[in-house]
Each structure stands twice: as structure tokens, then as C-alpha cells.
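S.K.: Sequence and predicted structure, then a few things I'm wondering about:
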Amino acid sequence: MEYDVIVVGAGGAGLSAALTLGRCRRRVLLADGGAPRNAPSPAVHGFLTRDGLRPARLLALGHEQLAPYPTVDIRELKITKLHRLGRGFRAEGTTGQGHAWAGTAHRVLLATGVEDVLPALPGFRELWGTGVLHCPYCHGYEVRDQPLAIYGRGKAAVGLALLLTNWSKDLVVVTDGPGHLTAYGRQRLRQHGIGLRQEKVARLVGGPGGLLRCVEFEDGSYLERAALFLHAPQEQRSSLAADLGATITSKGAVWVDKNAQTSIAGLYAAGDTTPGQQQALIAAAEGSKAAICLNEALTKEQCA
Ligand SMILES: Cc1cc2nc3c(=O)[nH]c(=O)nc-3n(C[C@H](O)[C@H](O)[C@H](O)COP(=O)(O)OP(=O)(O)OC[C@H]3O[C@@H](n4cnc5c(N)ncnc54)[C@H](O)[C@@H]3O)c2cc1C
């Protein structure tokens, strides 16, 4: 095998895994297939020692710190297919220059992340990461005490609105049509002074710096807000795990055991692609943990 481990994806999880594996003197290929999930955001928040850094700068630091490790090979490469090869894998992909590439490894770590599927309404994509936000832990502090909207329906929208009460007291749930709220859900919103608008949304109107100015409804009325939060549905950035027949959870995440291994022997996964909280620091920690588990599995095999 050419590599001990092919790490697919060079966001926080992949870079961190490559660092730990490089320090274990493992031969690693880190396949960097493009932008990370938070690329549209101006800053990464809540990452100890890196709070407020631009996402691209965080990754550039990761690359810089991998440079001294001679066994780590970083390539602009999108992996398109994985095949079982004995107890290892053969990977195929396309390089940044558009050339076909293939390589082999004893193990593969998927750190390919997820993609947020935004409502197909004008303004959502344009304001994503600045005026349209997904996570109070990442961005709540920056819009504290400002008028905020929560976009969504049913229990999920009520839950997100209640979560935001510690950041702002001026909250309105925007359901974009019938909100499917239970009597109890409505009561909880009322109890906390949270407004409710069930008209259909026409578009979001942005202000300076990509911030939100207002939500415009189909009936011509509008609601002035500084930002809108939503929990958008997610899709895996790559189908590599599913293509190999790995177990996918009911929420669409790649299932892993306590050692970060998927249901396919030798195929590991870390970061947003797996179940659980999704944060840059957590993804980096999961990448490091997966790398330790990988190194220990490889050592066990070598020393058997
Ligand atoms: C708008 C926005 C703002 C956010 N802000 C914050 C914040 O302030 N603080 C915070 O902690 N978290 C924040 N997050 C969450 C954070 O971005 C994620 O938790 C984190 O990026 C997950 O890291 P990851 O390595 O698992 O995935 P990613 O960072 O998404 O990296 C996955 C990488 O894999 C690559 N890839 C995918 N498929 C392939 C393939 N087939 N071959 C090769 N490469 C591939 C992708 O191109 C990508 O570079 C934010 C998210 C969003 C959407």
C-alpha cells in the first residue's frame, strides 16, 4: 500500500487528523477537495485561541503546521470512488488540475463534512453566514440584543427560538406558511414574548456588509430584523461512505463506533459527517481522536 491512511477532506477534522498521524510518522495522503462548510462566514467563533479568525486563515495555519511533517502529503484532490482492496482500499479521484488520480492505503478516514440545504427563496444563499445564520453558539454573541427572526416550523422552530432567548429578547418565529405549531408550542412562544408570523415569505432583503435588513412577505408587508436563524436540512458532502454500504443514521450522518470506525472495517469518519454537535473545534478534536484510533489499529496489526 502507498499510504497508511488516506484522509479525505481537509477541513478542521481532516487537517487535525493529518497532524496527529504525521506526528505518529504515518504515511498520510490528505485529499483537499475544496472549500469547507463555513467558507461564506467572515469568522470562526468559539475556537479557543482562534476566536474570530477568518475560516480560510484557520485552514492556512493548519497547512503551515503540517509542513514540517515529511510523511504527510497534501494534494488538491477530490476523491470520487473508494474500492475495497484486501484489508485496505483503493481510492480514485480528480486532481485540482483535472487529472485522474488513484492510490492505495491500509485505512481511509472520511472528513468530508456536510452541506446545508437552504430554502430556495431570494436572499437566503446571498446572506448565508452573515445575515442568515445556523447556530447561536457560532454567531449568537455577534447579534446579541438585536431583533432576530427564527425561520422554521413546528417543534424545531420553537426549540431554536427558545434557545435564542439568552441572546435576544426581540424574537419572531417566521413559519413561511402554516407553522404546524401545537397549542403547547404557541403557549411557550407567548410565555417568552416571542412573536409569530405565518405569512408566506417572498424574500430576504440584505443591508450593508451582508447583514439582514428585513424579511419581506408575499402580501407586501415586511419585518425588520438584524439576522435570521434557521436549522437547515443537511446533506453529506460526499457519498463515499454510502457507496461502500456504510451504515447511515436516520438523520443522514455516517455512523461510527466509539473508535471512530464506520460499519465498514478500516473505514473511519470524523467531524460534521458523523453524528453529534457540529463545531469547528469539535471537528478538529474528532479528527485527532480518529487519528489516534487509526494509529493504534495499525500498530496492533504490525505488532501481531
Ligand atoms: C455559515 C457557517 C458558519 C459557521 N461558523 C462556525 C463558527 O463560528 N464556529 C464553529 O465552531 N463552527 C462554525 N460552523 C461549523 C463548522 O463550519 C463545521 O463544524 C466545521 O467546518 C466542520 O469541520 P469538518 O472538517 O468536519 O468539515 P468541513 O470544514 O466542511 O470540511 C470538509 C472538507 O472536505 C472536503 N471534501 C468533501 N468531499 C470531498 C471529497 N470527495 N474529496 C476530497 N475532499 C472532500 C470539503 O471540500 C471540505 O473542505 C459554521 C458553519 C457554517 C455553515
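M.R.: Good, I have the coordinates.
S.K.: CA only for contacts and neighbour counts going forward, please
M.R.: Fine.
S.K.: And the helices in the stretch 101-250 of the chain, which stretches?
M.R.: 124-127, 136-139, 154-163, 183-191, 240-243 (DSSP state H, counting those that start in this stretch).
S.K.: Buried residues in the first one, which are they?
M.R.: The one in question is helix 124-127. 124-127 (16 or more other C-alpha atoms under 10 Å).
S.K.: Next: the last one.
M.R.: Going by neighbour count (16+ other C-alpha under 10 Å), the buried part of helix 240-243 is 240-241.
S.K.: now what about that helix, what contacts it?
M.R.: 80-82, 110, 247-248, 254 (C-alpha atoms under 8 Å, 6 or more residues apart in numbering).
S.K.: Now the element after that helix, going C-ward?
M.R.: strand 267-269 (DSSP states H and E).
S.K.: Now do that following strand: distance to the chain's middle.
M.R.: 17 Å (C-alpha atoms, centre = their mean, to the nearest Å).
S.K.: Contacts only, for the residue lying closest to Tyr137 once chain neighbours are set aside.
M.R.: Leaving aside its sequence neighbours, Tyr137 sits nearest to Gly46 (C-alpha to C-alpha, 6 or more residues apart in numbering; 7.4 Å). Gly46 sits next to 52, 137-138, 281 when contact means C-alpha under 8 Å, 6+ apart.
S.K.: What of Val256?
M.R.: 262-263, 268-269, 274.
S.K.: could you redo the last one with a cut-off of 7 Å?
M.R.: 262-263, 269, 274 (C-alpha atoms under 7 Å, 6 or more residues apart in numbering).
S.K.: quick check, stretch 2-21 touching the ligand?
M.R.: Yes - Stretch 2-21 reaches the ligand (C-alpha under 6 Å from any ligand atom) through 8-14.
S.K.: Tell me which residues of that stretch come out buried.
M.R.: 3-21.
S.K.: Tell me which entries of those residues lie within helices.
M.R.: 12-21 (DSSP state H).
S.K.: can you list the residues of the stretch 151-300 of the chain near the ligand?
M.R.: So the stretch 151-300 of the chain meets the ligand at 237-238, 271-273, 278-281, 283 (C-alpha under 6 Å from any ligand atom).
S.K.: So what pairs up with Ile150 in the strands?
M.R.: Val173, Phe229 (DSSP bridges).
S.K.: got the contact list for it?
M.R.: Contacts of Ile150 by C-alpha under 7 Å, 6+ apart are 157, 161, 172-174, 228-230.
S.K.: Tabulate those residues (a markdown table), appending neighbour count and pLDDT.
M.R.: What follows is the contacts of Ile150, written out as a markdown table (neighbours: other C-alpha atoms under 10 Å; pLDDT from 0 to 100):
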| residue | neighbour count | pLDDT |
| --- | --- | --- |
| Ala157 | 23 | 98 |
| Ala161 | 27 | 98 |
| Val172 | 21 | 98 |
| Val173 | 25 | 98 |
| Val174 | 27 | 98 |
| Leu228 | 29 | 98 |
| Phe229 | 25 | 98 |
| Leu230 | 23 | 98 |
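S.K.: and Ala284, what are its phi and psi?
M.R.: Backbone geometry at Ala284, expressed as degrees, to the nearest 10, gives phi -60, psi -40.
S.K.: who's in contact with it?
M.R.: 12-13, 16.
S.K.: try 10 Å this time
M.R.: Going by C-alpha atoms under 10 Å, 6 or more residues apart in numbering, Ala284 touches 11-17, 47, 111, 270-272, 290.
S.K.: Over to Lys155?
M.R.: Applying C-alpha under 10 Å, 6+ apart, the residues near Lys155 are 161, 179-182, 184-186.
S.K.: Out of these, grab the one that's most surrounded.
M.R.: Within the contacts of Lys155, most neighbours by other C-alpha atoms under 10 Å means Ala161, with 27 neighbours.
S.K.: any idea how far that one is from Ala10?
M.R.: Separation of Ala161 from Ala10 (C-alpha to C-alpha, to the nearest Å): 33 Å.
S.K.: cool, and Gln278?
M.R.: From Gln278 across to Ala10, the span is 16 Å (C-alpha to C-alpha).
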